[in-house]
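In: Following is a predicted model, sequence given first.
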Amino acid sequence: LFLFAFFVIAAIWFKPRSRAIIFPHLHLLENQAIKSGILISLCKWLGVFFLVVALASPVQENTQSKDNKGYNICLVLDASLSMSQGGFNSSNFRQDRFSVVKEIVGDFIDKRVNDNLSIVVFGDFSFVALPLSFDKKMASNILSTLQIGMAGRQTAIYDALAQSINSLNVQQAKKKIAILLTDGQNTAGEVPYSVAMRMAKEHNVTVYTVAIGSRGEFDTSVLEEMSRATGGKFFLASNSNSLLRIYKQIDELEKYDIKANTFIQKDYFYSYPLFLSIIFLLFYILLVGRKSLI
């Protein structure tokens, strides 16, 4: 930008000389000459100014951080017929268990900004409702479409655990976590307990088990063992408030310091002042040439 000072200095102390023939009685052309001179000077200086700005290369920097190695988390949800029972939400006894679970899990999804999430639903069988994805909006949309009984009436816990482990192994991550929620005991499925647990240990999957309802509806010892053997934790939720606290606790337990890669995106804008400079200088050349012909 300091280059502009050299143009100013040259214009003041190094003015160009040109031949001139003085004629009398040219006062009628003075006004026209003055206007023409102002326009020529304006085009020249604007052309020079925008040329210097283009050389200065105006740029906008946008710093972005991206962490490509978050956690892989699978949300394993019981959608068996027993999840249709009410009374779990103290503020709305008519609301069924599954609806409460979807609301709380949806809030959990929103908090896991840097993680890949998948959703596995189980009943008589298990299926992957959402493959491992970073798209939280898609995860929330799919969660909202889940319904009780869409995978059958019974409870295939071990099949669901095996299914979740397979879904977590699609991408590499710092840690793989399965959060299995159920309100019953394993009453269906083809995968034995020992096979599901061996898969979890071999693939280093941490399993958190969450039982909702009253004791006697689920097998506490099995769920506790699933968590203990994989480095996770077992939780018991008797109502919606305690379930909300459980998911918040899991969220805090699995927090980590993000070491993000920083990218700087630069957008260059020199082309705009350069274009204006060319336009003004072309007008300058045109006006000077026209003046010399008069």
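Out: Great, that's in hand. Residues are numbered from 1 along each chain as shown.

In: and for the helix or strand hosting Leu143, what are the contacting residues?
Out: Per DSSP states H and E: Leu143 is located in helix 136-145. Applying CB atoms under 8 Å, 6 or more residues apart in numbering, the contact partners of helix 136-145 are Lys102, Val105, Gly106, Ile109, Asp110, Arg112, Val113, Leu117, Ile119, Ala129, Leu130, Ser133. (C-beta placed from N, C-alpha, C; glycine too.)

In: So which of the residues you listed belong to helices?
Out: Judged by DSSP state H, the subset of the contacts of helix 136-145 located in helices is Lys102, Val105, Gly106, Ile109, Asp110.

In: Check what pLDDT the third one gets.
Out: Residue-level confidence at Gly106 comes out at 96, pLDDT.

In: The first one too?
Out: Per-residue confidence at Lys102 stands at 97 (pLDDT).

In: so how far is Asp107 from the closest residue in space to it that isn't next to it in sequence?
Out: Nearest non-adjacent residue to Lys102, counting by CB to CB, 6 or more residues apart in numbering: Leu143, 5.7 Å away. Leu143 sits 11 Å away from Asp107, going by CB to CB, to the nearest Å.

In: what's the answer for Gln265, then?
Out: From Gln265 to Asp107 the distance is 32 Å (CB to CB).

In: How about Asn116?
Out: 18 Å.

In: repeat for Phe93
Out: In terms of CB to CB, Phe93 sits 21 Å off from Asp107.

In: Settle it for me: which of the two has more neighbours?
Out: Taking other CB atoms under 10 Å, Phe93 and Asp107 do not tie; Asp107 has more neighbours (14 against 9).

In: neighbours around the residue lying closest to the more buried one once chain neighbours are set aside, how many?
Out: Using CB to CB, 6+ apart and skipping the chain neighbours, the partner closest in space to Asp107 is Tyr247 (7.3 Å). Using other CB under 10 Å, Tyr247 is surrounded by 23 other residues.

In: can you give me the helices in the chain?
Out: Using DSSP H, helices in the chain cover 3-13, 30-56, 97-111, 136-145, 157-168, 193-202, 220-230, 240-253, 271-293.

In: if you compare those helices, which one is most tucked away?
Out: helix 157-168 (a mean of 25; mean count of other CB atoms under 10 Å).
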